[in-house]
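Student: Everything below, folded, please.
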Amino acid sequence: MAKVKCGVIGLGGRGTGVLCDLLVKLEDFECAYVCDTYEDRVENAAKRVADTTGITPKKTTDWHEVVTAPEVEAVIITTAWEPHIEIAAAAMENGKPAAMEVGGAYSIDDCWKLVRTYERTGVPCMFLENCCYGRIEMMVLNMVRQGVFGDVVHCAGGYHHDLRTEILYGEENRHYRLRNYINRNCENYPTHELGPIAKVLGINRGNRMMYLTSTASCAKGLNEYARTHESVNRKLATTEFRQGDVVTTTIKCANGETIVLTLDTTLPRVYCRGFCVRGTKAMYQEENNSFFIEEEHSNYEFDGTPLWNNADKYYEKYEHPLWKKYLEGGIKGGHGGLDGLVYDAFIQSVKDKTLPPIDVYDAAAWMCISTLSEKSISMGSMPVEIPDFTNGKWFNRQDHCTGVYTLE
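Tutor: Predicted structure coming up:
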């Protein structure tokens, strides 16, 4: 079968990296169009694609051209956060499956727009949450499915990533995070941690998130960094950043479980997603990469340090089948191979005309956390209801992806 001809919209660091270092090397991908609001990015990406493939894609600074182009079969959206849903909905309206890179939503109306566009057109959209394909996350999911954890009661995760330089050099690098940190105060990047947790808890497939509360700390980290680093634009030392340094969001699920998400991106720290799963028989925590399994580890109740980094020994027994196959065939793409898996899953779903493993209902449920946390924070951490974007279908909705990229 012929390659899937894609238009790539958004050619900043993420978009250009994915396109030129991964997508052009995938057997079933062809770049038909490149688009960005900045012409130099368009020219650079087109040249790199041509140098690698020998084919020069069409170029534009207007994304509307891409979603309406007859030769484009699918659209990949790697822009700044704000236009993700608008572009995805337009692509679906024009009969083109869409794939969105991650980010939070700016309104509940946008989330409903995404769902209703899919339900009206029947054209799928995949949310490109690569962390759902993490090796450890998928092994934990496999262990949960096999009963190792017993009943899962609580999960936690976070986006713990020192982004001070990325944010504060936003004007120089034409990066969107700066304007978001000046103007919003919310859990602005929830899905790296929430995506794998949602799969563990069966969100939208027998379970759903009911309501949340969110609390933000004060905002000190960016101003402090700007004051003490002369290369940073001086005005940023006194700019009022609305985004709290640490945001904590607690979610209650229909089946009784709780989820805690933490955003921590403007203070000095090491990178960590804080993935944690607690069950009646076992726990996993990413900070020390360890399992505590009651039947095996009860003697370590008061000193767990010998268990640190013991997770690797469980791969032989519990490696997820997808990762077994992936390791045999060779890891592709950045972030330890996660990019290769998530983009391959989208391309294959388009090629095979199947529904993607992370769909519009997942996208809406996960992305809405940003705007709902913003509302909760503004009301003094009051509870805020999370909509049921499935309209009751979550009661008995099963996973619909049966291919090699299934996340079940």
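Student: For Asp151, give me phi and psi.
Tutor: Asp151 adopts backbone torsions of phi -90, psi 120, taken as degrees, to the nearest 10.
Student: Next up, the contacts around it.
Tutor: Applying C-beta atoms under 8 Å, 6 or more residues apart in numbering, one finds that Asp151 lies in contact with Gly279, Thr280. Bear in mind the C-beta positions are built from the backbone N, C-alpha and C, glycine included.
Student: Which pLDDT does the model give it?
Tutor: Looking at Asp151, its pLDDT reads 98.
Student: what about the closest residue to Phe275 other than its chain neighbours, how many residues close to it?
Tutor: Setting aside the residues directly before and after it, Phe275 is nearest to Glu286 in space (C-beta to C-beta, 6 or more residues apart in numbering), at 4.2 Å. Using other C-beta atoms under 10 Å, Glu286 has 22 neighbouring residues.
Student: Let me see the contact set for Thr78.
Tutor: Val8, Ile9, Gly10, Leu11, Gly12, Arg14, Gly15, Val18, Leu19, Glu101.
Student: I'd say the second one and His84 touch.
Tutor: No. With contact taken as C-beta atoms under 8 Å, Ile9 and His84 are classed as non-touching, separated by 9.7 Å.
Student: what residues are shared contacts of these two?
Tutor: With C-beta under 8 Å, 6+ apart, Ile9 and His84 have common neighbours Ile77.
Student: Report the separation between the residue nearest to Phe275 and Val140.
Tutor: The gap separating Glu286 from Val140 is 10 Å, by C-beta to C-beta, to the nearest Å.
Student: Common neighbours of those two, please.
Tutor: Common neighbours of Glu286 and Val140 (C-beta under 8 Å, 6+ apart) are Phe275.
Student: Tell me who's in contact with the residue nearest to Phe275.
Tutor: Residues near Glu286 by C-beta under 8 Å, 6+ apart: Ile136, Cys272, Arg273, Gly274, Phe275, Cys276.
Student: Just to be sure, which of those are found in helices?
Tutor: Ile136 (DSSP state H).
Student: Please list only the buried members of the contacts of Glu286.
Tutor: Buried members of the contacts of Glu286, counted by 16 or more other C-beta atoms under 10 Å: Ile136, Arg273, Gly274, Phe275, Cys276.
Student: any idea which of these is the one closest to Ser217?
Tutor: Distance to Ser217, by C-beta to C-beta, is smallest for Gly274 among the buried ones among the contacts of Glu286, at 16.3 Å.
Student: Ignoring the adjacent residues along the chain, who's closest to that closest one?
Tutor: In space, Gly274 is closest to Gly158, 3.9 Å off (C-beta to C-beta, 6+ apart).
Student: Tell me the helix or strand right after the helix or strand containing the one you found.
Tutor: Element membership for Gly158, per DSSP states H and E: strand 152-160. Downstream of strand 152-160, the next assigned helix or strand under DSSP H and E is helix 164-168.
Student: Spatially central, which residue of this protein would that be?
Tutor: Glu129 (3.3 Å; C-alpha atoms, centre = their mean).
Student: one step back: got JSON lines for the buried ones among the contacts of Glu286, with pLDDT too?
Tutor: Compiled in JSON lines, the buried ones among the contacts of Glu286 are given as follows (pLDDT from 0 to 100):
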{"residue": "Ile136", "pLDDT": "97"}
{"residue": "Arg273", "pLDDT": "96"}
{"residue": "Gly274", "pLDDT": "96"}
{"residue": "Phe275", "pLDDT": "98"}
{"residue": "Cys276", "pLDDT": "98"}
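Student: would you list every one of the strands in the stretch 101-250 of the chain?
Tutor: 125-127, 152-160, 209-216, 246-253 (DSSP state E, counting those that start in this stretch).
Student: how far out from the middle of the chain is the first one?
Tutor: The one in question is strand 125-127. 11 Å (C-alpha atoms, centre = their mean, to the nearest Å).
Student: if we can go back for a sec, just the contacts of Glu286: which are in strands?
Tutor: Residues of the contacts of Glu286 located in strands (DSSP state E): Cys276.
Student: can I get the contacts of Glu286 in JSON lines with distance to Tyr326?
Tutor: JSON lines is the format used below for the contacts of Glu286 (distance: C-beta to C-beta, whole Å):
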{"residue": "Ile136", "distance to Tyr326": "14"}
{"residue": "Cys272", "distance to Tyr326": "23"}
{"residue": "Arg273", "distance to Tyr326": "20"}
{"residue": "Gly274", "distance to Tyr326": "24"}
{"residue": "Phe275", "distance to Tyr326": "19"}
{"residue": "Cys276", "distance to Tyr326": "24"}
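Student: roughly how far apart are Leu178 and Leu168?
Tutor: In terms of C-beta to C-beta, Leu178 sits 7 Å off from Leu168.
Student: More neighbours: which of the two?
Tutor: A direct count of neighbours by other C-beta under 10 Å for Leu178 and Leu168 places Leu168 higher, at 27 against 22.
Student: give me every residue that touches the closest residue to that one other than its chain neighbours.
Tutor: Excluding the flanking residues, the one nearest Leu168 by C-beta to C-beta, 6+ apart is Val232, at 4.9 Å. Val232 makes contacts with Leu168, Tyr169, Tyr225, Ala226, as judged by C-beta under 8 Å, 6+ apart.
Student: do the same with Tyr181
Tutor: Tyr181 makes contacts with Ile167, Asn188, Leu222, Phe241, Arg242, Gln243, Thr266, as judged by C-beta under 8 Å, 6+ apart.
Student: roughly how far apart are it and Ser107?
Tutor: Applying C-beta to C-beta, one obtains 19 Å for the distance of Tyr181 from Ser107.
Student: got the buried residues for the lowest-mean-pLDDT helix or strand in the chain?
Tutor: The least trusted helix or strand in the chain, going by mean pLDDT, DSSP states H and E, turns out to be helix 321-329, with a mean of 91. Going by neighbour count (16+ other C-beta under 10 Å), the buried part of helix 321-329 is Leu322, Trp323, Tyr326.
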